Each structure stands twice: as C-alpha cells, then as structure tokens.
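**Student:** what would the 3D arrangement of this be:
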Amino acid sequence: MVSSFFTSCTKSLKNDINDLKKQVDSLNKYNSELRGQVGNITAILGANEPITSITTFIDNNNVTRTVEDTYKFKANSYSTQRMIKNDDGTYDIYIERFSDVNWNEGAWVAFTYNPVTKALTYKRGGQYWSIPNPYNGNARFDENYYSTGLTLNITINRIDVTTGDISLNFSAAGTAAYTAGINSWYVPNPGKPVSTNFAFTGKLKVLTRD
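**Tutor:** As a prediction, this is how the structure comes out:
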C-alpha cells in the first residue's frame, strides 16, 4: 500500500514537471515571438539605425555651446533613407533621422556617389534642434550653396549600391566667415564658428530614378 502511494506520488510529480516544462516552452516561444515583434518595430521606427550628432557653436558671450542628441526615428517611406540610381550610373543618397513625430529635431546628410571613381559630390548635411532665442536651432553645411570658410568631409567606410548597406562619418565646420556669409537661418549664431559631427550605419532603400 505504501509502495502504491509512492508510485502514485511519483507519477503525479512527473506529470507536474512535464506540465511545467510545457509552460516554460510555451513562455519561451511567446517571448521569442515578442522579441521578434519588438525587433521589427524597432527596425521600422529606425531605432536600430540611429544618428548621434554633436554640434558646437560660439554664443554671444564667446562661450562654446554644445548640442548633442541621438535621433532614432525615420519615415516609413524612402524619404529619410534612399539611394537613387541616376542615368549616368551615380547615386543620389539621402539619410535623415529625427527625434519624434513632430520632426523638429534631427540630423541629415546628402550627397551624390560615383561607384566607379568613388567620388562624392554635392555634399551637404547638418543638424537641427529646438533652442531658445536669440540662437537659431540649425547648423546646415552645403558646399554647393556657400563654401567660403567651409570644411565638409564625408567618409564612406562601407557602401553597397545593390543592398543599400552603408556606413559613413560626417564632419563639417564653418568659420566666422562662413556663418557670416551664408543665410542666417542656416547657422545658430551668424559670425561665430560652428561645427557638426556624426556617424551613420544602416541600410537604405535602393531605387532607380524615373
């Protein structure tokens, strides 16, 4: 009778253990699916391909001010991540990330890339942010619009025009001559030096221009 009791208890315990194992397997599967969903959402938003940008400029008291932020959001369309092939074989590339749905703060870079010569032309980019007056929340660098006193470098670490994979570094600096000569809206403090630096690694949408 005692033996029968222990046999029954052992069987019951095994059943309980098996049930627990099934629950654990079920939870693991659910967590795996949930992680996948979170990963998909993160990719759609752009949080897995952020831009951390740093802009410094001199204020009216000759003190260096720093604007630094990480921008994680992107548009669902190709508007903020595109690599468009032109008829001549070059590619127009545009990348942008912003902080929220209001699109009031962010960083961006654009240029034309020649896969044969590896040359970059029409280089431009910058950072924009919310900042109290009297300073503008914008640091724009464009060698085609105004280049006096401008140093603008875009270093391509990796690029694949087939898949859209790209990794780059953006570095731009404008002297007092640059900020005094360009449209005042494009710089935080006209007549004072400004610089912006950031990096980006991600995947762009590859398109062909109509």
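**Student:** for Ser79, helix, strand, or coil?
**Tutor:** Ser79 carries the three-state label helix when classified by DSSP: H, G, I helix; E, B strand; the rest coil.
**Student:** tally of neighbours for it?
**Tutor:** Other residues lying near Ser79 total 11 when counted by other C-beta atoms under 10 Å. For every residue, glycine as well, the C-beta is placed using N, CA and C.
**Student:** which residues touch the nearest residue to Val194 once chain neighbours are set aside?
**Tutor:** Excluding its sequence neighbours, the residue lying closest to Val194 (C-beta to C-beta, 6 or more residues apart in numbering) is Phe57, at 4.2 Å. For Phe57, the contact set (C-beta atoms under 8 Å, 6 or more residues apart in numbering) comprises Thr64, Arg65, Val67, Tyr135, Ala139, Val187, Pro188, Asn189, Lys192, Pro193, Val194, Ser195.
**Student:** now do Phe57 against Lys72, distance only.
**Tutor:** 24 Å (C-beta to C-beta, to the nearest Å).
**Student:** same check on Ala177?
**Tutor:** From Ala177 over to Lys72 the distance is 35 Å, taken as C-beta to C-beta.
**Student:** neighbour count: those two, which is higher?
**Tutor:** Neighbours per residue, other C-beta under 10 Å: of Ala177 and Lys72, the larger number sits with Lys72, 19 against 13.
**Student:** for Lys72, see how far away the residue nearest the centre of the chain is.
**Tutor:** Taking C-alpha atoms, centre = their mean as the criterion, Pro50 is the residue nearest the geometric centre of the chain, at 3.0 Å. Taking C-beta to C-beta as the measure, Pro50 and Lys72 are separated by 4 Å.
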